[in-house]
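**Q** What would the 3D arrangement of this be:
(2 chains)
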Amino acid sequence: GNSVTQMEGPVTLSEEAFLTINCTYTATGYPSLFWYVQYPGEGLQLLLKATKADDKGSNKGFEATYRKETTSFHLEKGSVQVSDSAVYFCALELGGNNRLAFGKGNQVVVIP
Amino acid sequence: DTEVTQTPKHLVMGMTNKKSLKCEQHMGHRAMYWYKQKAKKPPELMFVYSYEKLSINESVPSRFSPECPNSSLLNLHLHALQPEDSALYLCASSHEGDSYEQYFGPGTRLTVT
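**A** Residues are numbered from 1 along each chain as shown, chains lettered A, B, ... in the order given. Below is the predicted model of the structure:
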């Protein structure tokens, strides 16, 4: 079936550091890929998306490129701020069936 | 307007109570969703409505009863819940079809006592 794998464990880093969160997927076709962010006490917000191979999604300094050859959609930001502390979920949607498959999420903590 | 609103924000209910969660969107989306999210976990899909008809029920216990009165509103009726049903309940909406992102509301934090 379709699934998403995110790297294990929380990510703790200092302000202005480079952030990478790995996301790989398994899908029978060509899914659309998403990154959602959840700030404490809130719902999920769409951060960025990509719908086909080699597409790059970007928003608020975050970027992710849809890599079909490595089945990956890693999230990156060049210089994180304390306000980026949140949980980040990678997700895929395949075939217009209204189902999102989520990864387990990564807690990101940015220390001043 | 890309907002999905949910009420109430918090709800505490006893196991014999009946309550309802409400969700509203005005983005013209024809797909609406209920998710359940436990702490430190991703959201779990419960129900999907497509063009106001229930299209997906992920084997949710009957003590949860969804309703879609019109294309903008989605309700979740709760009855005889268990303490393990305590969670954050998220509503989402999207356009129908391939590749459309889902927009999530802020959620209702439910505690069953």
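**Q** mind listing the strands in chain A by residue range?
**A** A:3-6, A:11-14, A:19-21, A:23-26, A:32-38, A:44-50, A:56-59, A:62-65, A:75-77, A:86-93, A:100-102, A:106-111 (DSSP state E).
**Q** now chain B
**A** Along chain B, counting by DSSP E, strands occupy B:4-7, B:10-13, B:18-25, B:31-37, B:44-50, B:53-57, B:64-70, B:73-79, B:87-94, B:103-104, B:108-112.
**Q** which helices and strands sit right next to the worst-scoring helix or strand of chain A on mean pLDDT?
**A** Using mean pLDDT, DSSP states H and E, strand A:100-102 stands out as the lowest-scoring helix or strand of chain A, at a mean of 93. With contacts defined as 3 or more C-beta pairs under 8 Å, 6 or more residues apart in numbering or on different chains; DSSP states H and E, strand A:100-102 has these neighbours: strand A:3-6, strand A:86-93. The way it works is simple: take the backbone N, C-alpha and C, and place the C-beta from them, glycine included.
**Q** I'd like the distance from the residue most central in space within chain B to residue A:31, if you could.
**A** The centre of chain B sits closest to residue B:34, judged by C-alpha atoms, centre = their mean, with a distance of 2.9 Å. Relative to residue A:31, residue B:34 is positioned 22 Å away (C-beta to C-beta, to the nearest Å).
**Q** Which residues does the least confident helix or strand of chain A contact?
**A** Strand A:100-102 is contacted by residues A:1-4, A:25, A:34, A:36, A:89-94, B:42-43, B:45, B:102 when judged by C-beta atoms under 8 Å, 6 or more residues apart in numbering or on different chains.
**Q** Thank you, goodbye.
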